[in-house]
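Q: with the input below, show me the fold.
(chains A, B, C, D, E, F, G and H)
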8 protein chains.
Amino acid sequence: MYNSKSKPSVLPTGGGATLIDPSDALILLLDHQSGLFQTVKDISVSDLRRNVEVISKLATLLNIPVITTASEPAGTNGPLMPEIHELAPHAVYVPRKGEVNAWDNDGFVAKVRATGRNTLIMAGVWTSVCVMFPALDARAAGYDVYAVLDASGDPSEMASRISLARFVQGGVKPTSTNALLSELHRTWARPEAAELGKLYGLVAPNYAAVAESYARAQQAAREAI
Amino acid sequence: MYNSKSKPSVLPTGGGATLIDPSDALILLLDHQSGLFQTVKDISVSDLRRNVEVISKLATLLNIPVITTASEPAGTNGPLMPEIHELAPHAVYVPRKGEVNAWDNDGFVAKVRATGRNTLIMAGVWTSVCVMFPALDARAAGYDVYAVLDASGDPSEMASRISLARFVQGGVKPTSTNALLSELHRTWARPEAAELGKLYGLVAPNYAAVAESYARAQQAAREAI
Amino acid sequence: MYNSKSKPSVLPTGGGATLIDPSDALILLLDHQSGLFQTVKDISVSDLRRNVEVISKLATLLNIPVITTASEPAGTNGPLMPEIHELAPHAVYVPRKGEVNAWDNDGFVAKVRATGRNTLIMAGVWTSVCVMFPALDARAAGYDVYAVLDASGDPSEMASRISLARFVQGGVKPTSTNALLSELHRTWARPEAAELGKLYGLVAPNYAAVAESYARAQQAAREAI
Amino acid sequence: MYNSKSKPSVLPTGGGATLIDPSDALILLLDHQSGLFQTVKDISVSDLRRNVEVISKLATLLNIPVITTASEPAGTNGPLMPEIHELAPHAVYVPRKGEVNAWDNDGFVAKVRATGRNTLIMAGVWTSVCVMFPALDARAAGYDVYAVLDASGDPSEMASRISLARFVQGGVKPTSTNALLSELHRTWARPEAAELGKLYGLVAPNYAAVAESYARAQQAAREAI
Amino acid sequence: MYNSKSKPSVLPTGGGATLIDPSDALILLLDHQSGLFQTVKDISVSDLRRNVEVISKLATLLNIPVITTASEPAGTNGPLMPEIHELAPHAVYVPRKGEVNAWDNDGFVAKVRATGRNTLIMAGVWTSVCVMFPALDARAAGYDVYAVLDASGDPSEMASRISLARFVQGGVKPTSTNALLSELHRTWARPEAAELGKLYGLVAPNYAAVAESYARAQQAAREAI
Amino acid sequence: MYNSKSKPSVLPTGGGATLIDPSDALILLLDHQSGLFQTVKDISVSDLRRNVEVISKLATLLNIPVITTASEPAGTNGPLMPEIHELAPHAVYVPRKGEVNAWDNDGFVAKVRATGRNTLIMAGVWTSVCVMFPALDARAAGYDVYAVLDASGDPSEMASRISLARFVQGGVKPTSTNALLSELHRTWARPEAAELGKLYGLVAPNYAAVAESYARAQQAAREAI
Amino acid sequence: MYNSKSKPSVLPTGGGATLIDPSDALILLLDHQSGLFQTVKDISVSDLRRNVEVISKLATLLNIPVITTASEPAGTNGPLMPEIHELAPHAVYVPRKGEVNAWDNDGFVAKVRATGRNTLIMAGVWTSVCVMFPALDARAAGYDVYAVLDASGDPSEMASRISLARFVQGGVKPTSTNALLSELHRTWARPEAAELGKLYGLVAPNYAAVAESYARAQQAAREAI
Amino acid sequence: MYNSKSKPSVLPTGGGATLIDPSDALILLLDHQSGLFQTVKDISVSDLRRNVEVISKLATLLNIPVITTASEPAGTNGPLMPEIHELAPHAVYVPRKGEVNAWDNDGFVAKVRATGRNTLIMAGVWTSVCVMFPALDARAAGYDVYAVLDASGDPSEMASRISLARFVQGGVKPTSTNALLSELHRTWARPEAAELGKLYGLVAPNYAAVAESYARAQQAAREAI
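A: Predicted structure coming up:
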């Protein structure tokens, strides 16, 4: 049976050869701040926050380390959304000294390196800046980098399309929250399956309604017997 | 001071002459069922459910009666979304006997009449059917009727635009959840203000981020002194 | 029990006071021709045809008379879509003599009058022409007229929005196929319920998937016992 | 047989009771100027110009009088689009003396009155101004007024939707170029049918392709024999 | 010659019979606050603010009184946008005591009545609340009311469409900033023409580029001689 | 003459050098389940199912092997859409043991390898998960992989755009159902041409209307002789 | 001075190093047929045809060879749009024998090779098929290939986005008609400048209005002197 | 402390390894002319101009050289937008002699080379022509090239998507104005921080409102003490 401690990545079938190895993964949540949220135009704030919440819960469920950072949370950009550290109590917050690019900050890069992990999963606001710059720099430094675009936000639809193209051009792998959830989840034959199942109802709210209908239909069938 | 028991509607200024009188209002939530949600195409399921939750909480806060109904909750249409009765425990559920139009059902109309209230606030899935039919019939019966279109749902954008036009043609007043909240709320100088304030962060998620920024900015100012 | 022969319209509750009385209804399908379909830009051809098919089946199920007409089916505009007469074998076809407005045609109006029915349900291509003109003229002649906009088509989104506004201005009631289905259907407690149920899976394809999931969930529950 | 000199409006069937009587119609084309075209955002300039061309040709084919006017054609707003007077040589141009609202101009209103016609068909740029103001004023003066929204243009989608609503509110009948064409055309059994047919290929470019396919299919069938 | 002191409304032609009389007009700017701006989803914040600036300048140019108000400018909703009082120094600010509906506030209604003007031009955030409620109440009190929808904002596209419909249903006249500018402007033969001209470049930024091209073309022609 | 048994791929002209060789192709249909369909937001369920039906029929017509799989068809995700196995009776179903990624499943990969085919054509729900993971893994294993994006579905437009980019980045060839049909079809000079022709009317419903018009035009020409 | 016979491509500045050399270019127009046009959903038929007309005129102006081809012009797909051969009388038509991929046809490839040109500029309907297949095959055969996407058409927006991605993946250079015009045009200092100028008013209809305004402004300036 | 004279690019952390080195950067603003602006359809003229203004101010603040050029500013294309040279007085204007591609012009390329800088940041109208051609040629000449797509403009959405793809294909790095601002800005710990801060309120107008709310909230907190 699959176990979240084990390294699932590459199976004898070759399955997982190209997928994230959770034991090598590190999640970086960059500048998810209330003031910056107001400038996001490629996703609604409610969808954006819900996706960040899913990633936070997922990190906790699967014991994946998380580093957060913010540019001036006491300043105009506003506080970090509190849900992250509530849902991922193991997350470590690194303050910055004015650097726009988190990869410019000594402490941040040191914390990343200290984890010994080489697969970096990044999300943040703005995608084109707070995710793009450290993503490209980390890629140059040899890391395998994923950018979760729908747990991030850009100030226009055009900026968002440009970000996607620039990630691909720079060797960063673009992904979405639902895909990240599945890529780390990998199999329903694991102890956390029920908890993981709930996250699907968050990344795809129609799925929650599917589950409600399913449960009620089964109950009706049992009552009818 | 304003008090939720008093009748706020028409003030000496003439304010409220055209607005809902909460003491005369009755909320009807029609067929908000998980199976029907899958067919809704003019609003996302997450926004739809959140708006229905806001109305449920609002009804509880302001002591406005609520009647719910569903067409065959043990059947294909699925169960009523559970949040309604959780958030509005005073809501009364009326089963139907196969009628598509709730106004065709004896029990439902009897319950409406028993409240003695003449301002009906309706929402449901589909807007063009489950809201439209009882709205038009209630209007013909002399009620003042409001349809909350974003706490309802239709199977296409075109159907949604048609519903809006047909409501206006039939003398039903169209509204949105945020407007309903404000129309019933009326003033911040009331005991429920803080609780009502939270509902604004639900109908407009950016508003929640505004409030977070505001609180943090004030804290920073105080700390800086 | 409800019976499709009986007049369901107005119940003791007042239910149906504002709704279509099926025994007074006549369906007019105007110029649904393959050549004209190519010019429709406010709905996809597949959705348009499927909605016309639903209306045809519905008319057959509920014994509602149907009149079809076409402008020059041997000419550029192309043949009438064959599904209508296949699914509604009782439909009567009236040829025209070049008139754009079906209400200009003696034979057509005579056929309408001969039915003795006063509630006209119209759909056609273009909405703004083939439906609009006879709808306004019939309204002037005292008929109660419904226009089914998503079983009709216009050559631009702007033309479509204009049509909706002009119908309302002219006292024609706008509706959608799903609403028409429900308005004629009225109750699940009738012999045709199972057949009518299938039509819901056509006007809302997600509903068909809901039904599939429901059946499978019940089967699974029964097998698990 | 129908003849363009005869008054087709109301037929013995009642057909045309609510439609434009071409012999009573006057077309007013207001401020279709190259500079103003740049500000139009609710329709492409190519579609807008093509629709105005169709109306100009239609007026010529059916002998309907046309009055044009422009605000300062030597100024920033630019020259009137030349196609109008080329395609409708009988159109009369009325200069204005700075008035935004053509109905404020003595000469313009005098020209309108001199025609003795009471059905005014208006189009212009901006819809919300150059069409709206004379439309509302003419309505107040007792005229029957049509606004052709897709031969007009507004500086935003929102302004365009507002214009449509305000026309309806003010008793002005909204229409589209394709509907106007059909409403004046009325029947294919008339001498101008072939010329009118070409205009359909302009208001609906797919229709031109339909006609090409039709002709080629017939040719192929004949050659195959 | 036209003079901004004179009453232009109804000319001998009948021009202006249905238009705003500037000497009877009063502009009400309601809750244009930085915090509320973040929740607006039917227009960009930059377009919204620019439109409000245009109205402020227009009021100053044409000596039209302006009343502003805000709900709790020291609170979460944020300060009133400063441009209004900068560009319309004659504007009068009325604080409220917690009322959502400005028409509920004694001071506000008293100020409106004191002007003796009966044509109220309203804009605000949210359209569906801060404009809708006083607009409907003022209408009930006998005022002629205009709502400027693109100098206002609603929290969703659906809410925005509903607002437009509800205004029309309630007898409030919907308009856009460009139309308001033209409706008050009325003629280029007036002393303020040059200043008014600049406002057109703000409501329609393409128009500013048209003017730049025009000036340069004329300069080139003169230099070529 | 072309024959579906022969290998058409590379012709003496060089034609087909870059195209799919049908004799080397294997179609993998992954998790097309009724519950998952409800979460798809980048294509309508009716278009999605119709495209999957086209692929199923195409596989049968051209004798291309098909493997289907589903994650828990008795569970929340719902049953596989029945049309696949009805239209492609030769398709082989492989159950999984909880793996999200089909390439993680021994039986599935074994079945793929057993066909000896190296060109894998994949479609499924979600694109970003059920197609992406096996597509990338198969690519890593040396297969030539095509992803049919409109016979697949993702839970948001953004996720869909990301999937397209990630496929390209990973060396997977993106395609659409209409292109796949043509790429396998290759020539009208083959015995299956008439049957293949019908599929074009499904991937492009306007094409069906084109064919109807064509047939009627030819009939009219013949009758006119 | 620049001369259309000379090879402009690479100038001493390095200008043109990456651009099309007109003397090496060959234009291939594939299956622009009236029946297929009806299926195009990523561009309007009027824009598509106008772009193909621009390319045809451009080819004539600059003496660039053109090859056209069609699949069964006497069949359902309809005739080639006649404007191509009217505007580019030097174009050569190559019939096919049922091949979907023009590169599969002996005669077509022979004609291409006979020109001795290595830069192929392709457009056609469908983009994903009629352009994609020969584009990829020609690329494999060593040609430099450009695909003009807005002189082509695909049956859905999704198919269109996929085509763009697949072209890039396959080394085909995507372009638009306006860019092709400029890339071949290269400089206004050439004899054909005036004729080329008119084509800009076709690819960008607003540009035609710019030119009209410019001419009128200059005339006004001259008259004012 | 960071200083704008110093070379910030690569920090000891590796930060900036992939980012623009401001001391090596040169900004090229190509054909931002009033006549061409009218043809832009992928961004509003107001957003486009504001983004170009931001780049101009940014160049001045950070001492980055700017070269502008225009094709025939006395001709139809209209004058260069004056804001560039007003906000970046150090910008150098290079006239062209009819070349569409600035890289074809001796003087332009000489000026570029004379700066000795190797990182070229380009924006212009049209993106697909005036930016694309010199971008590709400069890339071929060994420069590191960035294209700022939202300070540029294309005549259709499709052309815009094609441009983005072609830039990526050709090794040009796509970016947006907000990302460029941040990439050059790099850190808030620099003397120009306050001035740079204002530019964020221009690239993201919601951010200006965030700052207003922040300042007012702090003031309120201080006053409350």
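
Q: anything in the lengthiest helix in chain A near chain B?
A: Using DSSP state H, we find that the single longest helix of chain A is helix A:205-224. Yes. Shown here: helix A:205-224 in contact with chain B (Cβ under 8 Å from any Cβ of the partner chain) through A:P205, A:N206, A:A208, A:A209, A:V210, A:E212, A:S213, A:R216, A:A217, A:Q219, A:A220, A:E223. For the C-beta atoms, the positions are set from N, CA and C on the backbone; glycine is no exception.

Q: do you know the pLDDT at A:S4?
A: Per-residue pLDDT puts A:S4 at 44.

Q: now A:I225
A: 77.

Q: that one - how many residues pack around it?
A: A:I225: 7 surrounding residues under other Cβ atoms under 10 Å in any protein chain shown.

Q: for A:S213, see how far away it is.
A: Per Cβ to Cβ, to the nearest Å, A:I225 is found 19 Å from A:S213.

Q: one more: A:E157?
A: From A:E157 to A:S213 the distance is 34 Å (Cβ to Cβ).

Q: neighbour count for these two, which is higher?
A: A:S213 (28 against 12).

Q: spatially nearest residue to that one (excluding sequence neighbours)?
A: Excluding its sequence neighbours, the residue lying closest to A:S213 (Cβ to Cβ, 6 or more residues apart in numbering or on different chains) is B:G78, at 4.0 Å.

Q: what secondary structure does that neighbour sit in?
A: The assignment at B:G78 comes out as coil when based on DSSP: H, G, I helix; E, B strand; the rest coil.

Q: any idea how far it is from chain E?
A: 24 Å (Cβ to the nearest Cβ, to the nearest Å).

Q: now for that residue: which residues touch it?
A: A:A209, A:E212, A:S213, A:R216, A:A217, B:Q33, B:S34, B:G35, B:L36, B:F37, C:V210, C:Y214 (Cβ atoms under 8 Å, 6 or more residues apart in numbering or on different chains).

Q: just the pLDDT for the fifth one.
A: pLDDT, A:A217: 92.

Q: then the last one?
A: C:Y214 is assigned 93 on the pLDDT scale.

Q: give me the number of residues near it?
A: Count around C:Y214 with other Cβ under 10 Å applied: 24.

Q: residue contacts, A:G197?
A: Here A:G197 is in contact with A:A211, F:T76 (Cβ under 8 Å, 6+ apart).

Q: any idea how far it is from E:F108?
A: Distance from A:G197 to E:F108, by Cβ to Cβ: 53 Å.

Q: does chain H sit close to the helix or strand where A:F133 lies?
A: Counting by DSSP states H and E, the element that carries A:F133 is helix A:132-140. Yes. Helix A:132-140 reaches chain H (Cβ under 8 Å from any Cβ) through A:M132, A:F133, A:P134, A:L136, A:D137, A:R139, A:A140.

Q: go on, stretch A:141-151?
A: Yes. On the criterion Cβ under 8 Å from any Cβ, stretch A:141-151 is in touch with chain H at A:A141.

Q: how about that stretch, which residues are buried there?
A: For stretch A:141-151, a neighbour-count test (16 or more other Cβ atoms under 10 Å in any protein chain shown) marks A:A141, A:Y143, A:D144, A:V145, A:Y146, A:A147, A:V148, A:L149, A:D150, A:A151 as buried.

Q: and that stretch, how far from the chain's centre?
A: Taking the mean of its C-alpha atoms, stretch A:141-151 sits 9 Å from the chain's own mean (Cα atoms, centre = their mean, to the nearest Å).

Q: for it, what is the average pLDDT?
A: Here the average pLDDT along stretch A:141-151 is 98.

Q: just the residues contacting that stretch, thanks.
A: With Cβ under 8 Å, 6+ apart, stretch A:141-151 has contacts from A:20, A:29, A:43, A:47-48, A:51-52, A:54-55, A:118-123, A:127, A:131-132, A:135, A:138-139, A:160, A:163-164, A:167, A:171-177, A:180, F:156, F:158-159, F:162, H:14, H:17.

Q: cool, stretch A:39-53 as well?
A: A:29, A:32, A:37-38, A:81, A:83-84, A:87, A:123, A:125-127, A:148, A:150-157, A:159-160, A:177, A:202-203, B:46-47, B:50, B:205-206, B:208-209, F:156, F:158, H:204, H:206-207, H:210.

Q: what do you get if the cut-off is 7 Å, keeping everything else the same?
A: Contacts to stretch A:39-53, defined as Cβ atoms under 7 Å, 6 or more residues apart in numbering or on different chains, come from residues A:29, A:32, A:37, A:81, A:83-84, A:87, A:123, A:125, A:150-151, A:153-157, A:160, A:177, A:202-203, B:46, B:205-206, B:209, F:158, H:204, H:206-207.

Q: relative to H:Q169, how far out is A:A147?
A: Relative to H:Q169, and taking Cβ to Cβ, A:A147 is found at 21 Å.

Q: which helix or strand contains the spatially most central residue of chain A?
A: Nearest residue to the geometric centre of chain A (Cα atoms, centre = their mean): A:I55, 4.4 Å. Using DSSP H and E, A:I55 sits in helix A:45-61.

Q: got the angle between that helix and helix B:205-223?
A: If you take axes from the mean of the first three to the mean of the last three Cα atoms, to 10 degrees, helix A:45-61 sits at 70 degrees to helix B:205-223.

Q: and the next element down the chain from helix A:45-61?
A: Immediately after helix A:45-61, counting by DSSP H and E, sits strand A:66-70.

Q: what are the contacting residues of that following strand?
A: A:26-31, A:33, A:59, A:80, A:84, A:88, A:90-94, A:96, A:102, A:108, A:111-112.

Q: then stretch A:212-219?
A: Applying Cβ under 7 Å, 6+ apart, the set of residues contacting stretch A:212-219 is B:34-35, B:74, B:78-79, C:210, C:213-214, C:217-218, C:220-221, F:76.

Q: from those residues, keep the buried residues only.
A: Looks like those have B:S34, B:G35, B:G78, B:P79, C:V210, C:S213, C:Y214, C:A217, C:Q218, C:A220, C:A221, F:T76 buried, using 16+ other Cβ under 10 Å.

Q: surely A:F133 is in contact with A:E99?
A: No. At 9.4 Å, A:F133 does not count as touching A:E99 under the criterion of Cβ atoms under 7 Å.

Q: what distance separates stretch A:48-60 from the centre of its chain?
A: With Cα atoms, centre = their mean, you get 6 Å for stretch A:48-60.

Q: and it, C-alpha only, in PDB?
A: C-alpha atoms of stretch A:48-60 as PDB (Å, rounded to 0.1, in the frame of the first residue of the first chain):
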ATOM      1  CA  LEU A  48      -7.200  32.800  -5.800                       C
ATOM      2  CA  ARG A  49      -7.400  32.600  -2.000                       C
ATOM      3  CA  ARG A  50      -9.200  29.200  -2.100                       C
ATOM      4  CA  ASN A  51      -6.400  27.800  -4.300                       C
ATOM      5  CA  VAL A  52      -3.800  29.100  -1.900                       C
ATOM      6  CA  GLU A  53      -5.800  27.500   1.000                       C
ATOM      7  CA  VAL A  54      -5.800  24.200  -0.900                       C
ATOM      8  CA  ILE A  55      -2.000  24.300  -1.300                       C
ATOM      9  CA  SER A  56      -1.600  25.100   2.400                       C
ATOM     10  CA  LYS A  57      -3.800  22.200   3.400                       C
ATOM     11  CA  LEU A  58      -2.100  19.900   0.900                       C
ATOM     12  CA  ALA A  59       1.300  20.800   2.300                       C
ATOM     13  CA  THR A  60       0.200  19.900   5.800                       C
END
